[in-house]
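Colleague: model the following, please.
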Amino acid sequence: MEKPVYQIAAIDEKNGIGIKNTLPWNLKKDMAHFQETTLKTHDPKKHNMVIMGRPTWESIPEKHRPLKGRVNIVLSRDLDYKAIKAHVYNNIEKVLEYADKNDDIESVFIIGGASVYTSTINHPRLTGLYLTRIHKVFDCDAFYPQIPEKFDKIKKLGTAKEDNIEFDFLLYTL
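Modeller: You can find the predicted model right below:
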């Protein structure tokens, strides 16, 4: 059965998402939103899957790898790459096949980085975008791609303020 596939990201006013393979901000409320969104399932017996590129995997502090309570997938061109307690794939289609065949997986979340977002933003299986829109511009060298027009339904899930920075939690759907 095909699983729903989402991207989840925090982006500044110029679609910036990172600098030097790290987040340019430290927003605990956004991290809590990310964790809640990617962990939450309707069926308590199931887990969600998170898909990330190798640099994103390596940017997560070792003590937090793998992301607990989720099936962790690392995309890498190097199939010999070892990611402890995570599956390594070099092809998004194979990852989605694996997810679809696995009855324990409820939803799939693509969590970055920039090249993974860009290569999947127009994927026919992508059903939604969970975006935290940060109302500030940061110094970034990695950017989220332009949002396709097909994601024309925007639901505001909440608003937060932290360290004098305001941000909205949004869900873009088809």
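
Colleague: please count neighbours and contacts with C-alpha atoms only from this point.
Modeller: Noted.

Colleague: quick one: which helix or strand includes the spatially most central residue of the chain?
Modeller: With distances taken as CA atoms, centre = their mean, Ile111 lies nearest the centre of the chain, 1.9 Å away. Using DSSP states H and E, Ile111 falls within strand 105-112.

Colleague: where along the protein do the strands fall?
Modeller: With DSSP state E as the criterion, the chain has strands at 5-11, 16-18, 47-53, 70-75, 87-89, 105-112, 126-134, 142-143, 153-162, 165-173.

Colleague: in this protein, which helix is the longest?
Modeller: helix 28-39 (DSSP state H).

Colleague: helices or strands up against that helix?
Modeller: Packing partners of helix 28-39 (3 or more CA pairs under 8 Å, 6 or more residues apart in numbering; DSSP states H and E): strand 47-53.

Colleague: hey, C-alpha coordinates of the strand it packs on in CSV?
Modeller: Written as CSV, here are the backbone C-alpha positions of strand 47-53 (Å, rounded to 0.1, in the frame of the first residue of the first chain):
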residue,chain,number,x,y,z
HIS,A,47,6.2,4.1,13.0
ASN,A,48,7.0,6.8,10.5
MET,A,49,10.1,6.8,8.2
VAL,A,50,12.5,9.7,7.9
ILE,A,51,14.6,10.1,4.8
MET,A,52,17.7,12.3,4.7
GLY,A,53,20.9,12.8,2.7
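
Colleague: packing partners of it?
Modeller: helix 28-39, strand 70-75, strand 105-112, helix 114-120.

Colleague: okay if I get these as JSON lines plus distance to Thr56 and mean pLDDT?
Modeller: Shown next, in JSON lines, are the helices and strands packed on strand 47-53 (distance: least, CA to CA, whole Å; pLDDT from 0 to 100):
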{"stretch": "helix 28-39", "distance to Thr56": "15", "mean pLDDT": "98"}
{"stretch": "strand 70-75", "distance to Thr56": "9", "mean pLDDT": "98"}
{"stretch": "strand 105-112", "distance to Thr56": "6", "mean pLDDT": "98"}
{"stretch": "helix 114-120", "distance to Thr56": "9", "mean pLDDT": "98"}
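
Colleague: which one, of these, ends up nearest to Ala86?
Modeller: Proximity to Ala86 (CA to CA) singles out strand 70-75 among the helices and strands packed on strand 47-53, at 4.9 Å.

Colleague: and Gly112, how many neighbours does it have?
Modeller: For Gly112, the number of neighbouring residues by other CA atoms under 10 Å comes to 22.
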